[in-house]
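**Q** task: produce atomic coordinates for the following.
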Amino acid sequence: MSPEEFRSDLLRAAAKLPEAVRPIADYIEKVEPDIVLGCDCDARPISVALRGVLAARGYDVRYEDRWITSRLGMRMDQHLKTEFDYLREIEQPRVAVVDDYISSRAHTLATFRGSLRRNNLAHASVDWLTLAGRGAALSVYPNARPNLTSPWRDQPGIIGISYTPDLQPVTHDTQLGREFYTAIRENLPSDI
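**A** Numbers count the residues shown, from 1 in each chain. I've put the predicted structure just below:
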């Protein structure tokens, strides 16, 4: 695929993203989670679109973007400390986690649940919401592969962020990344 074809496919996917996340927004409004955690990196564009859709609907929820990945292992406990402290104040906490893809092995979900257990939050209800894959509470495209639904996958220059091994965010600012997010924002409907 030529760079121009990739750019065209990417911007077309960005333009469709606000419509694609509508089922996730519907689900969030229905279950009313106490907090929504957007898996930063590959799911960041989904969070941008979802926040826009929820805001257009006038729906207010605490929404945090955090790097949630199985590669964190037990470091996830410290990385999500603020969010876990917030959830411990709620008798029956409900968490919605927004991700781009879930594999059949669901390593990230298992790592997240383990972190909840270690932080005395095993009783928390977790809804894993994805754009693609099987095994989530909701997957918009359950039979799709991530490269088909998320052409930005593993592209920090487009996503706009990556993380160092010690969990420090590194921002990436590129022309294509700016065009990508502009395409998402310009396609947020006002009448959702």
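**Q** in this protein, where is pLDDT below threshold?
**A** Along the chain, segments meeting pLDDT under 70 span 104-105, 146-149, 191-192.
**Q** going along the chain, name the helices of it.
**A** 3-20, 22-31, 44-56, 76-79, 81-88, 107-118, 146-149, 156-159, 175-186 (DSSP state H).
**Q** right, so these: which one is the most enclosed?
**A** Mean neighbour count (mean count of other CB atoms under 10 Å) peaks for helix 44-56 among those, with a mean of 22. In short, each C-beta sits where N, CA and C put it, glycine included.
**Q** list the helices and strands it packs on?
**A** Here helix 44-56 touches helix 3-20, helix 22-31, strand 35-39, strand 63-66, strand 94-102, helix 175-186, going by 3 or more CB pairs under 8 Å, 6 or more residues apart in numbering; DSSP states H and E.
**Q** can I get those in JSON lines including distance to residue 45?
**A** Formatted as JSON lines, the helices and strands packed on helix 44-56 follow (distance: least, CB to CB, whole Å):
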{"stretch": "helix 3-20", "distance to residue 45": "6"}
{"stretch": "helix 22-31", "distance to residue 45": "13"}
{"stretch": "strand 35-39", "distance to residue 45": "10"}
{"stretch": "strand 63-66", "distance to residue 45": "11"}
{"stretch": "strand 94-102", "distance to residue 45": "8"}
{"stretch": "helix 175-186", "distance to residue 45": "6"}
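**Q** closest to residue 48 out of those?
**A** Relative to residue 48, the nearest member of the helices and strands packed on helix 44-56 by CB to CB is helix 175-186, separated by 5.5 Å.
**Q** from the contact counts, what lies against that closest one?
**A** Against helix 175-186 (3+ CB pairs under 8 Å, 6+ apart) you get helix 3-20, helix 44-56, helix 156-159.
**Q** in CSV: the ones you listed, plus distance to residue 125.
**A** Shown next, in CSV, are the helices and strands packed on helix 175-186 (distance: least, CB to CB, whole Å):
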stretch, distance to residue 125
helix 3-20, 25
helix 44-56, 19
helix 156-159, 29
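**Q** ok, which of those helices comes nearest residue 136?
**A** Nearest to residue 136, of all the helices and strands packed on helix 175-186, is helix 44-56, at 12.5 Å by CB to CB.
**Q** quick one: that closest one to strand 94-102, angle?
**A** Orientation note: helix 44-56 sits at an angle of 140 degrees relative to strand 94-102 (axes from the mean of the first three to the mean of the last three CA atoms, to 10 degrees).
**Q** which residues make contact with helix 44-56 from outside it?
**A** If you take CB atoms under 8 Å, 6 or more residues apart in numbering as the criterion, helix 44-56 is touched by 14, 17-18, 20-22, 24-25, 28-29, 36, 38, 40, 60-61, 63, 65, 98-100, 131, 150, 152, 159-161, 180-181, 184-185, 188-192.
**Q** all good on my end, thank you.
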